[in-house]
Every structure is written in structure tokens, then in C-alpha cells.
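[1] build me a structure from this.
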Amino acid sequence: GRSNSWSSNEEADTSTTLEPLDLVWAKCRGYPWYPALLINPKMPRTGYFHNGVPIPVPPEEVLCLQAKYDIPVFLVLFFDAKRTWQWLPRNKLELLGVDVALDKSKLAENKKPNVKKAVRKAYIKAILHQCRVTGQPNPLENNQVAKTPEES
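    Just a heads-up that it's a prediction; the model follows:
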């Protein structure tokens, strides 16, 4: 059930299936929920284009880390400035760009202005990536979602 999904914002609703190249909110210990892209670790080492958009190839040393986990983990590439790679379990991942209310709550949950700004910047990068892949217009052009209540 969804009834207890509000009980902890450290745990995600795991009922939806995740596919490689999905946009997700990803939670690392000590960091806020952060926009990321699910990457298939078995993608060709030569690189890959998703509808013409280049998808970065995970470095060999990142791929080796999967062996350290005894539970199923997903490979994500964060939309941060450094483009950080991370392996995360399913309960630390939520679909991004699907539920506007969820996106808004993730964007608003950081109290520190610099963290909130970094998360919002990454969110905009994630949505732009999605627009390039789908050919859809950018829904943030009118900037509805990316604004927090105190700004609008």
C-alpha cells in the first residue's frame, strides 16, 4: 500500500518498475534526494545514444563496485556538476518527472538555500535531458515546477 509511504522520506515507494534511462530522485546517505539518470551497466563500452542524446559510459572502476553489494542495486549518474556515479538499492530511488507533487516536495525539502539551489539546478538539467530525448517542449519554460512557494 501507499498509505505508509509518507512515514519516512528516506525510503521510496518501490512498487513501480524502474528501467535504464529513467529519470530518478536518488538518495545517498548524508545527501538530499537528488536528480539522476538510471544507467544500464551492460551498455556498450563504446557509448550509446538515446534518441540522439549521448549517454555517458560508466567507468570500469564504477562497474566493479557492483560486486560489493549483496542486494540488487541500480547504477545512477547524478545530474550534479561533477556527474557522480553511484550504486543504490531500489528503496533509495523514486521516479522523477512523473508526479509533480513528488517533484515539488523533493525540491522543497532542503532547508539550506545552497543545497536547495543545487538540487533545483540538477532538476532542471534532468528535465532538459528528458526534453532532448523525447523531443517534448521544456515544461519548465514557464517555470511553474521549479519555483518554490516563497518565490512565486
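[2] flag every buried residue along stretch 34-47.
    34, 35, 36, 37, 38, 39, 43 (16 or more other C-beta atoms under 10 Å). (C-beta placed from N, C-alpha, C; glycine too.)
[3] ends of that stretch, how far apart?
    End-to-end distance for stretch 34-47, by C-alpha to C-alpha, to the nearest Å: 24 Å.
[4] export the buried residues of stretch 34-47 to a markdown table and tack on secondary structure and pLDDT?
    Output for those, formatted as a markdown table (DSSP: H, G, I helix; E, B strand; the rest coil; pLDDT from 0 to 100):
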| residue | secondary structure | pLDDT |
| --- | --- | --- |
| 34 | strand | 98 |
| 35 | strand | 98 |
| 36 | strand | 98 |
| 37 | strand | 98 |
| 38 | strand | 97 |
| 39 | strand | 97 |
| 43 | coil | 91 |
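[5] okay, these in a markdown table with distance to residue 69 next?
    Converted to a markdown table, the buried residues of stretch 34-47 look like this (distance: C-beta to C-beta, whole Å):
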| residue | distance to residue 69 |
| --- | --- |
| 34 | 19 |
| 35 | 22 |
| 36 | 17 |
| 37 | 19 |
| 38 | 16 |
| 39 | 16 |
| 43 | 19 |
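[6] report the two of those separated the most.
    Pairwise distances across those (C-beta to C-beta) peak at 21.6 Å, for the pair 34 and 43.
[7] helix or strand with the lowest mean pLDDT in this protein?
    The weakest-scoring helix or strand in the chain, judged by mean pLDDT, DSSP states H and E, is strand 48-50 (a mean of 89).
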